[in-house]
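Participant: model the following, please.
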Amino acid sequence: MKNIGFYYLYRDASNFKRRGCIVFSNPKGLTPILVSNQIKKIIPNDLFIADQVQLPELFIYNTEPLNPDDHCFHEFSKTVATDDEADDLFYRTIADFIDEITKALRDGWQTFDPWVRCYEQRLNGLKRANEISQGLSRNNDSPDR
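Facilitator: Numbers count the residues shown, from 1 in each chain. Here you go, the predicted model:
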């Protein structure tokens, strides 16, 4: 029984792409065509929020400057049968993953502004660095015993 590779990508505002694949176990023996058709019925425009279905985000702006036209959506590409080992971090089957996409769509995609997220991540990083620095400072100020 072959596993299913779920291929997806992030396409930025300038049409640069970063691709990814997650391999799901497939104990029901679903075909890639059936899986692809089910996914396309659930998300007919092929766009989804990766984090909301527990997939790694593939944003280009993690390594490149953020473009004002960048967005939060990832794009479904294809599914393929594979002998590769399942590598989903949550040990889901492909059927479980389809259920998760269905639930996320029913709950509504939780869109976000990449500019705001980047700012918040940098701010949180600075706060954490400051906390570490203050902790080290306190340790250095304490008398030796």
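Participant: now do the residue nearest to residue 86 when sequence neighbours are not counted against residue 81, distance only.
Facilitator: Spatially, and ignoring its direct neighbours in sequence, residue 86 is nearest to residue 25 (4.2 Å; Cβ to Cβ, 6 or more residues apart in numbering). Where you see a C-beta, it was placed from the backbone N, CA and C, and this is true even at glycine. Counting by Cβ to Cβ, to the nearest Å, the gap from residue 25 to residue 81 is 12 Å.
Participant: any common contacting residues for the two?
Facilitator: Taking Cβ atoms under 8 Å, 6 or more residues apart in numbering as the contact rule, residue 25 and residue 81 both touch residue 3.
Participant: before we move on, the earlier item: contact partners for the residue nearest to residue 86?
Facilitator: Neighbours of residue 25 in contact, by Cβ under 8 Å, 6+ apart: 3, 86, 88, 91-94.
Participant: who does it form a beta bridge with?
Facilitator: Applying DSSP bridges to residue 25 gives these bridge partners: residue 93.
Participant: from now on call the first residue 30
Facilitator: Yep, numbering from 30; the last one is residue 54 now.
Participant: and it, what pLDDT?
Facilitator: For residue 54, the model assigns a pLDDT of 98.
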